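K.L.:
Quick check, what structure comes out for this input:
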Amino acid sequence: MQYWDPRIEEMPEEELQKVQYKLLKSLVCRLYSFSPFYHDRMKELNVHPDNIKALSDIKKLPFMFKRDLRDSYPNRIFTAAQDELVRYHVSSGTTGKPTVVGYTQKDLDIWTSSLARGLTAIGLGRGDVIQVSYGYGLFTGGLGMHYGAERIGATVLPTSVGNTERQIELMQDLGVTAIACTPSYLLHMGEVAEKMGVHIKKDTCLKAGILGAEPWTEGMRTRIENWLGIKAFDIYGTSELSGPMFTECAEQNGFHVWSDIA
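P.N.:
Down below sits the predicted model:
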């Protein structure tokens, strides 16, 4: 496995837990002091920042639920001031009221670094051409992957979704080595390619797919890998966690959740 930041990613567990505790304590103090929502929720459980004396005390903290985000629409749950925010993303709202996420520059830096670690662990880096066929805009997938790919020194092809024949032409012409999109769109792309007389396995440089934003199965992974001749990697994230954050590594044996971030 390749590492983006070996100092953090190979940190001994005891040292890592010290980092985690420091971050947890700082976060709890900030939320208790500046978030009426968290302040009230903690008071309901009779929890004060002074009660957080070890990492294991995290179990004393209250849960947060999806409905809390919807009930606080659009931004009543934010702890950053308006002039600290540099971007908004908004969920689709297909299962109810959409949720709005506001980002400070530090949020974007952490998000980008998390994806840089994941893409490096997959085996991508400088010299790769990564086609981002997730949607750009309110959805977090496109811009999140775009910044992560640039951070590792790869060349980004920001195709977004649609105009599939053109995407396949560009994949060939620009020597794309990895694609980030939904698994269903990649399967559709494979079908369109064959209608064009293009076989992705033989006629492109594609070697990896970073596939997410919808459920998919091991059966779909096998089909994609055998048919298209690539390695298919899962990626996980939600708007509430910034966006796509964590990936499998080259071993394809589960997500790597960065313990100094999550």
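K.L.:
And the contacts of the one helix or strand in the chain whose mean pLDDT sits lowest?
P.N.:
Of all helical and strand segments in the chain, the minimum by mean pLDDT, DSSP states H and E falls on helix 66-71, at a mean of 89. The contact list for helix 66-71 (C-beta atoms under 8 Å, 6 or more residues apart in numbering) reads 37, 77, 96-97, 99, 240. For every residue, glycine as well, the C-beta is placed using N, CA and C.
K.L.:
Next, format the residues you listed as TSV and append pLDDT, neighbour count and distance to residue 220.
P.N.:
Output for the contacts of helix 66-71, formatted as TSV (pLDDT from 0 to 100; neighbours: other C-beta atoms under 10 Å; distance: C-beta to C-beta, whole Å):
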residue	pLDDT	neighbour count	distance to residue 220
37	94	16	39
77	90	19	36
96	74	11	27
97	81	15	31
99	89	21	28
240	83	12	25
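K.L.:
Please identify which two of those residues are farthest apart in space.
P.N.:
37 and 96 (18.5 Å; C-beta to C-beta).
K.L.:
any idea which element residue 89 lies in?
P.N.:
Assigned by DSSP states H and E, residue 89 belongs to strand 85-90.
K.L.:
Buried residues of stretch 55-72, list them for me.
P.N.:
Neighbour-count burial for stretch 55-72 flags 55, 61, 69-70 (criterion: 16 or more other C-beta atoms under 10 Å).
K.L.:
what number of residues lie near the closest residue to residue 178 other than its chain neighbours?
P.N.:
In this structure, residue 178 finds its nearest non-sequential neighbour in residue 208, 4.2 Å apart by C-beta to C-beta, 6 or more residues apart in numbering. By other C-beta atoms under 10 Å, the residues close to residue 208 number 20.
K.L.:
wait, doesn't residue 208 sit right on residue 181?
P.N.:
No - using C-beta atoms under 8 Å, residue 208 is not in contact with residue 181; the gap is 11.7 Å.
K.L.:
can you give me the helices for the stretch 1-150 of the chain?
P.N.:
Assigned by DSSP state H, counting those that start in this stretch, the helices in the stretch 1-150 of the chain fall at 6-9, 13-34, 36-44, 66-71, 105-122, 140-151.
K.L.:
looking just at contacts, which helices and strands does the fifth one meet?
P.N.:
Translated: helix 105-122. On a contact count with 3 or more C-beta pairs under 8 Å, 6 or more residues apart in numbering; DSSP states H and E, helix 105-122 meets strand 85-90, helix 140-151, strand 208-211, strand 231-238, strand 243-247.
K.L.:
Over to the first one?
P.N.:
Identification of packing neighbours for helix 6-9 by 3+ C-beta pairs under 8 Å, 6+ apart yields no helix or strand.
K.L.:
What residues sit buried inside it?
P.N.:
8-9.
K.L.:
For residue 231, see how far away residue 158 is.
P.N.:
22 Å (C-beta to C-beta, to the nearest Å).
K.L.:
Show me which of those two is the more surrounded one.
P.N.:
With neighbours defined as other C-beta under 10 Å, residue 158 and residue 231 compare such that residue 231 has more, 19 against 15.
K.L.:
Excluding chain neighbours, what is closest to the more buried one?
P.N.:
residue 208 (5.1 Å).
K.L.:
Pull the residues that contact stretch 131-147.
P.N.:
88-90, 92, 101, 108, 111-112, 115, 130, 149, 156-161, 167, 170-171, 176, 178-182, 185-186, 189, 210, 212-213, 237, 239, 242-244.
K.L.:
what's the burial count for the residue nearest to residue 160 when sequence neighbours are not counted?
P.N.:
Excluding its sequence neighbours, the residue lying closest to residue 160 (C-beta to C-beta, 6+ apart) is residue 136, at 4.8 Å. Neighbour count for residue 136, taken as other C-beta under 10 Å: 17.
K.L.:
And for residue 258?
P.N.:
With other C-beta under 10 Å as criterion, residue 258 counts 18.
K.L.:
Quick check: it vs residue 7, distance?
P.N.:
13 Å.
K.L.:
How about residue 15?
P.N.:
10 Å.
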